[in-house]
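Enquirer: any chance you can model this:
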Amino acid sequence: MNTINAAAANPGLGSVPYGVWVLGALALVMVVLAVASPSLRRRSPHAWWALCGFPATLVRVVWTWRRLADLQGLSVPKRPAMALLGNVVVQGRALKPIKPRMGMPRWRRGGLVVRVRLHPGQVPEAYEAAAESMAHAWRVFAVRAASDARGTVLLEASAWDPLSVAAEPFRGSLGLLSAVAGLWENGARWLIDLRQIPHWLIVGATRSGKSTLVASLVSQWARQRVALVGIDLKGGMELSLFGPRLSALATNRSEAAELLGRLVEITLGRMALCRAAGVRSVWELPPPQQPVPVIVIVDEVAELYLTATSADKAEVAQVSTAFLRLGQLGAALAVHLVVAGQRVGSDLGPGVTALRAQLAGRVCFRVSDKGTAEMALGDLDREALDAVQAISVDTPGVAVAFGARGGGWMRARSHLVTPEQAQETAKRFAHLTPSLDRLYAGGAS
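Expert: The predicted structure follows:
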């Protein structure tokens with residue numbers, strides 16, 4: 001009894017409530033994180049985001065949502081904004097607008113994602129217009145709005161610019177004809193799948209990252225059971241590095257015309273094979289009968305269309321016709337085009353414009369002339385041209401590309417794969433190189 005009374009008269013550490021201990025510990029953790037936050041952000045940004053950045057941003061998102069929705073016109077009135085006063089229609093502003101219903105923000109590596117339910121009559125474009133305001137209010141690098149389901153919009157916030165550093169090469173395994181080119185601006189993997197988008201146009205000035213992207217794609221496709229065919233109008237200086245893995249390489253326009261003619265014959269042979277089997281593509285054939293996919297990589301495509309004499313014009317017409325036939329027929333017959341160049345303008349003639357229409361996949365790095373950007377992106381989205389012109393010389397590998405979720409464009413950065421690394425990969429997988437004769441109708445993988 002005396003012991004209990006003494007403890008009550010002289011409360012010590014043992015009498016401190018448990019809740020006080022918890023609050024003190026939380027306060028200590030917050031102080032430690034606040035002190036260590038700047039250093040942690042520099043050394044390990046992803047760890048900083050998980051421990052400090054995401055919780056703080058989560059609070060800002062929830063705290064500012066009502067005000068953001070009201071100021072950006074995303075909230076709607078519970079009642080109509082017009083009322084009848086006698087014989088006069090009075091239009092006013094609702095006193096208590098209803099904000100869109102927002103789900104709980106979810107953590108994502110280097111950012112967060114939150115789903116918002118649209119009010120009746122709203123479209124995702126309204127949220128795209130408000131994305132810049134959201135980025136400022138939430139103190140993040142950027143916010144993108146996209147809709148993956150009717151009636152909702154997905155807001156993706158990036159804590160920092162994922163394109164500020166070069167993307168590390170992808171070392172996993174992918175499906176046939178797929179390659180990870182780099183990272184999208186939202187941090188997701190930038191995947192180029194020739195089964196989905198069969199033909200691609202890649203343009204960019206010197207040292208913009210175009211050759212690095214081609215090297216990255218070659219280094220991944222070289223590991224797969226596909227045939228790589230090269231057309232390099234620089235005398236083979238670029239694509240000859242991958243020679244051990246190429247089934248054929250043309251280094252001038254005459255060789256290119258002959259090679260393209262053979263590829264057209266291969267394509268027509270595969271068409272006859274499909275017709276005899278009663279199918280519409282080689283992918284519907286039984287696996288033992290499916291021919292080896294062919295990827296035609298073209299560097300400096302402008303050189304194929306330059307003319308000086310009448311003989312040149314005849315050769316250009318031959319090349320142009322072959323390209324168009326491959327572009328029109330290749331998707332169903334496993335023949336794919338990856339066309340690259342520093343300059344691709346309408347001044348090269350109607351053949352280039354017609355070829356451009358067959359190349360649904362587009363990648364545009366920093367370019368030296370507006371005409372090339374117009375040729376690559378102008379027929380798809382005019383706003384993408386402004387994004388290309390904003391690419392800095394200090395950020396090689398950054399490009400504007402199509403193929404993001406929803407089919408729109410987005411900034412991306414390609415993997416840093418040197419030609420030497422791709423050359424070593426080509427040598428290592430040279431045993432997978434089929435001869436050109438095996439690519440005809442009877443050649444199965």
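Enquirer: strands of the stretch 101-250 of the chain, residue ranges please.
Expert: 101-102, 106-108, 111-117, 142-146, 152-158, 178-184, 189-193, 200-203, 227-232, 246-250 (DSSP state E, counting those that start in this stretch).
Enquirer: restrict the fifth one to CA atoms and write it as CSV.
Expert: Spelled out, that is strand 152-158. Presented in CSV, the C-alpha positions along strand 152-158 are these (Å, rounded to 0.1, in the frame of the first residue of the first chain):
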residue,chain,number,x,y,z
THR,A,152,-13.3,7.8,-64.9
VAL,A,153,-10.0,9.5,-65.5
LEU,A,154,-6.6,8.5,-64.2
LEU,A,155,-4.3,11.2,-62.8
GLU,A,156,-0.6,10.1,-62.9
ALA,A,157,1.8,12.3,-61.0
SER,A,158,5.6,12.1,-61.5
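Enquirer: what average pLDDT does that strand get?
Expert: Average pLDDT, strand 152-158: 90.
Enquirer: same question for the fourth one.
Expert: Taken as a whole, strand 142-146 has a mean pLDDT of 86.
Enquirer: helices or strands next to it in the packing?
Expert: In terms of contacts (3 or more CB pairs under 8 Å, 6 or more residues apart in numbering; DSSP states H and E), strand 142-146 is packed against helix 124-129, helix 131-138, strand 152-158. Backbone N, C-alpha and C define where each C-beta goes, glycine included.
Enquirer: next, the buried residues of the shortest one.
Expert: Looking back up the chat, that one is helix 124-129. Buried residues in helix 124-129, defined by neighbour count with 16 or more other CB atoms under 10 Å: Pro124, Ala126, Tyr127, Glu128.
Enquirer: wait, which of those is closest to Ala276?
Expert: Ala276 lies nearest to Pro124 out of the buried residues of helix 124-129, by CB to CB, at 47.1 Å.
Enquirer: so what's that closest one up against?
Expert: Leu118, Ala145, Ala146, Ser147, Val153 (CB atoms under 8 Å, 6 or more residues apart in numbering).
Enquirer: look up how far Arg150 lies from it.
Expert: Per CB to CB, to the nearest Å, Pro124 is found 10 Å from Arg150.
Enquirer: nearest to Ala157, out of the buried residues of helix 124-129: which one, please.
Expert: Set against Ala157, the nearest of the buried residues of helix 124-129 by CB to CB is Tyr127 (12.3 Å).
Enquirer: count of neighbours near the closest residue to that closest one other than its chain neighbours?
Expert: Leaving aside its sequence neighbours, Tyr127 sits nearest to Ala145 (CB to CB, 6 or more residues apart in numbering; 3.9 Å). Taking other CB atoms under 10 Å as the criterion, the count of residues near Ala145 is 18.
Enquirer: list the beta-bridge partners for Ala145.
Expert: Counting by DSSP bridges, Ala145 is bridged to Leu155.
Enquirer: give me the distance between it and Gly408.
Expert: Distance from Ala145 to Gly408, counting by CB to CB: 11 Å.
Enquirer: Met134 contacts Val153, correct?
Expert: No: at 11.6 Å, Met134 does not count as touching Val153 under the criterion of CB atoms under 8 Å.
Enquirer: about what we covered before: lowest average pLDDT across the strands of the stretch 101-250 of the chain?
Expert: Among those, strand 142-146 scores lowest, with a mean of 86.
Enquirer: tell me which residues are up against that strand.
Expert: 124, 127-128, 130-132, 134-135, 153-158, 161, 185-186, 405-406, 408, 410.
Enquirer: how is the protein divided into domains?
Expert: Listed by automatic domain parsing, the domain ranges of the chain are 17-78+92-158, 178-439.
Enquirer: so of those, which one's packed in deepest?
Expert: Highest mean neighbour count among those (mean count of other CB atoms under 10 Å): domain 178-439, with a mean of 19.
Enquirer: could you pull out the strands in the stretch 251-400 of the chain for me?
Expert: Remark: strands assigned in the stretch 251-400 of the chain by DSSP E, counting those that start in this stretch are 294-299, 335-341, 361-364, 398-402.
Enquirer: how about those strands, which one is nearest Leu260?
Expert: Of all these, strand 294-299 sits nearest to Leu260, with 8.1 Å by CB to CB.
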